[in-house]
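# what follows is a protein structure lacking sequence information:
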């Protein structure tokens, strides 16, 4: 029987309704092909493990690399592959790792290079693309490249050899950036104003400037490109550091590193650390550490939280930043966490490094049953040198003395009802065993506190009402002189004991800021701000001399590093917009005794900064100078007289030159007049107006009585 042919039309009608109306695409669907290997990394110097331990080693590596970013794992590929030697069955000592993003792979290269897996294996990570380039290198004999010709770098300390011992300052006004010399006696002299860059048509500076801590470098900010360092007597370009959008720079105290920040919250590399010597990027950080901003805040509340600032230790060994309940301390040798862990500090609100030792102070508020406390911690041992518990604390603020000898903590406390606030000072003595603490109860509100540089005194502004226009300024000494009178055969003795005592109080002052001279002894009590009077009171703590001056609407007071000159300024933000006090923009230079040296005004004035000086004398050498001060005074008086004589001589030479020029011009004009005499007589039809015989001279005497006075004898 012949087979029955199927009726396709009937079969199609019977299956109608079972299939979708969507068109059928028989082509297979593959994931997008990734043609680059920028997400892949090769980790080398791993242990060579037998087959029995491969799974355990894979788990260890997976746990390590997964902390950096998610791996590109699939059903058949876990994201990690350890090649195995088929002859021995041992791993080859390296691994392939693939991440989901190129950024994670780049971060893995930075984080894993130099990481100690154990005491015998320090890892190295390279991008897979770099390994491919190395594999494609042609084999051949190595040829030593010729070294680049030696180019001597500018001498960044040459300015310190100035024969007149002058200081320098830089100003930013309009589109100009100008460095000036100042000798505390005469008007400043321009040292460099970017003329070389102007001729080349390039910008020397487009934003703020910043001197390095020792004054070796001047950093100019160009937000579109980054930071440029200048130095030497001709302000040559020393280095460029790419940091687009840079807004802030921070030098390390020993000038080894440069920190830049663009203050962008969405940039994973917002903060960059560069080596000044090599120009290489050492490490990059996001603006906020992980978990610093609470998740339950609104977007507006998040934007109001400022980023925690990085701080350098005094010797450039450590870089630290506050996180949530921790202080992350990085060793600058590797820029990795010190001992691979952060310092735990529950509820921490603030921390500061000591200016002269690897010691940091921090304070935390009350939490549960634990009181608020201030901690003094030594690094790198993390040993807690002192902990001071505090109760009913609203806020604390810490102020270090510049030599790290003392730490003052201003504590604002509240009563149990939290309706009344009061203050006290906790004074730590870091140079004594056990770090003793003295407490001072202050009934008034404390508005400002400042230590005398290189001394034992401090000053503070206080008043009963923090909004009061009339305040008191008190001076305290951390040492007290005790005189024991003579008794019997015992002579009078004078001893210095470590006890805080009140020296004096200046009542009824109109100030809100205090500025000690870097040399000590002199202080400025200033009333700064838009609504303040601008009063400047120059006070000598030793002689009690007081000079009152005024700089209307001044918002900044800056001492030069020697304490000879001080500048008061009215500055405006550089970010743009209208500044309503622009007509007051400018600066005034004063001597430390309050004598005005110079006053300049500008339409737009952004910045004034003195060039820092490194202190080269020890305490013993300074004491020797003070002991022989009369000798140095005679030398400087002699130099001042010679300088004054030279200035007078130069002025006399200038006057004589002007007089000679005037006489020569007068003689030249008289000669020209003599030569034109015939022409003038011809114009007057033969009449000589200069001939005195054509004139008649009459003398008339007029007497005028100015006053009369009669006296009766």
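Everything's here; your move. If you're wondering where the values come from, they're calculated on a predicted model, not measured in any experiment.
# quick check: buried residues in stretch 162-182?
166-173, 177-182 (16 or more other CB atoms under 10 Å). (Each C-beta comes from the backbone N, C-alpha and C, glycine too.)
# could you dump those to JSON lines with distance to residue 265 and pLDDT?
Shown next, in JSON lines, are these (distance: CB to CB, whole Å; pLDDT from 0 to 100):
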{"residue": "166", "distance to residue 265": "44", "pLDDT": "91"}
{"residue": "167", "distance to residue 265": "39", "pLDDT": "94"}
{"residue": "168", "distance to residue 265": "37", "pLDDT": "96"}
{"residue": "169", "distance to residue 265": "34", "pLDDT": "96"}
{"residue": "170", "distance to residue 265": "31", "pLDDT": "96"}
{"residue": "171", "distance to residue 265": "32", "pLDDT": "96"}
{"residue": "172", "distance to residue 265": "27", "pLDDT": "94"}
{"residue": "173", "distance to residue 265": "31", "pLDDT": "92"}
{"residue": "177", "distance to residue 265": "30", "pLDDT": "94"}
{"residue": "178", "distance to residue 265": "35", "pLDDT": "95"}
{"residue": "179", "distance to residue 265": "35", "pLDDT": "96"}
{"residue": "180", "distance to residue 265": "38", "pLDDT": "95"}
{"residue": "181", "distance to residue 265": "42", "pLDDT": "95"}
{"residue": "182", "distance to residue 265": "40", "pLDDT": "93"}
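# make CSV out of the residues you listed and add distance to residue 392.
Below are those laid out as CSV (distance: CB to CB, whole Å):
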residue, distance to residue 392
166, 53
167, 47
168, 49
169, 46
170, 47
171, 47
172, 46
173, 49
177, 50
178, 52
179, 51
180, 51
181, 54
182, 49
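# who's in contact with the residue nearest to residue 174 when sequence neighbours are not counted?
Computed as CB to CB, 6 or more residues apart in numbering, the closest residue to residue 174 that is not its neighbour in sequence is residue 604, at 5.2 Å. Under the criterion of CB atoms under 8 Å, 6 or more residues apart in numbering, the neighbours of residue 604 are 173-174, 572, 579, 582, 585.
# returning to that earlier point: let me know the closest of the buried residues of stretch 162-182 to residue 201.
Closest approach to residue 201 among those (CB to CB): residue 177, at 15.7 Å.
# now the closest one: how far from residue 202?
According to CB to CB, to the nearest Å, residue 177 and residue 202 sit 13 Å apart.
# how many neighbours does the spatially closest residue to residue 322 that is not a sequence neighbour have?
Leaving aside its sequence neighbours, residue 322 sits nearest to residue 308 (CB to CB, 6+ apart; 4.3 Å). Here the count is done by other CB atoms under 10 Å, and residue 308 has 20 residues near it.
# following the helix or strand harbouring residue 636, which helix or strand shows up next?
Here residue 636, judged by DSSP states H and E, is contained in helix 629-675. Toward the C-terminus, helix 629-675 is succeeded by helix 677-683 as the next helix or strand (DSSP H and E).
# can you list contacts of that following helix?
Contacts of helix 677-683 (CB under 8 Å, 6+ apart): 687-690.
# ok, residue 344 - contacts?
Residue 344 sits in contact with 325-326, where contact means CB under 8 Å, 6+ apart.
# quick one, what contacts residue 512?
Residue 512 touches 447-448, 461, 471, 526-529, 532, counting by CB under 8 Å, 6+ apart.
# buried residues in the helix or strand where residue 396 lies?
Here residue 396 sits within strand 393-400, counting by DSSP H and E. By neighbour count on 16+ other CB under 10 Å, the buried set for strand 393-400 is 393, 395-396, 398-400.
# other SSEs contacting the next helix or strand after that strand?
Using DSSP H and E, the next helix or strand after strand 393-400 towards the C-terminus is strand 406-414. Contact analysis of strand 406-414 by 3 or more CB pairs under 8 Å, 6 or more residues apart in numbering; DSSP states H and E lists strand 359-364, strand 383-390, strand 393-400, strand 421-429, strand 445-451 as its packing neighbours.
# would you mind finding the most buried of those strands?
With neighbours defined as mean count of other CB atoms under 10 Å, the helices and strands packed on strand 406-414 peak in mean count at strand 359-364, which reaches a mean of 22.
# quick check: angle from the helix or strand just after that strand to strand 359-364?
As assigned by DSSP H and E, the chain's next helix or strand after strand 359-364 is strand 372-378. Relative orientation of strand 372-378 versus strand 359-364 (axes from the mean of the first three to the mean of the last three CA atoms, to 10 degrees): 160 degrees.
# what sits against the closest residue to residue 310 other than its chain neighbours?
Leaving aside its sequence neighbours, residue 310 sits nearest to residue 321 (CB to CB, 6+ apart; 4.9 Å). Counting by CB under 8 Å, 6+ apart, residue 321 makes contact with 285, 289, 308-311, 327-328.
# which parts of the chain are helices?
Ranges of helices within the chain are 8-14, 54-65, 102-112, 128-135, 195-200, 299-303, 619-627, 629-675, 677-683, based on DSSP state H.
# can you say which of the ones you listed is nearest to residue 409?
helix 619-627 (26.2 Å).
# centre of the chain to that closest one, how far?
Here the centre of helix 619-627 is set off from its chain's centre by 31 Å, with CA atoms, centre = their mean, to the nearest Å.
# what of stretch 147-161?
So, by CA atoms, centre = their mean, the centroid of stretch 147-161 is 25 Å from its chain's centroid.
# and if you look at stretch 343-353?
The mean C-alpha position of stretch 343-353 is separated from the chain mean by 21 Å, CA atoms, centre = their mean.
# ok, now how distant is the nearest residue to residue 478 once chain neighbours are set aside from residue 524?
Spatial nearest neighbour of residue 478, chain neighbours left out: residue 456 (4.4 Å); criterion: CB to CB, 6+ apart. Residue 456 sits 20 Å away from residue 524, going by CB to CB.
# more crowded one of those two?
residue 524 (22 against 19).
# run through the bridge partners of that one.
Judged by DSSP bridges, the bridge partners of residue 524 are residue 515, residue 538.
# that one against residue 558, yeah?
No - Residue 524 is not in contact with residue 558 according to CB atoms under 8 Å; the separation is 10.4 Å.
# okay, and the common contacts of these two?
With CB under 8 Å, 6+ apart, residue 524 and residue 558 have common neighbours residue 566.
# so which of the contacts of residue 512 belong to strands?
Counting by DSSP state E, these place 447-448, 461, 471, 526 in strands.
# could those residues be laid out in CSV, adding distance to residue 334 and pLDDT?
Listed next are these as CSV, based on distance: CB to CB, whole Å; pLDDT from 0 to 100:
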residue, distance to residue 334, pLDDT
447, 43, 92
448, 40, 94
461, 44, 96
471, 49, 94
526, 44, 95
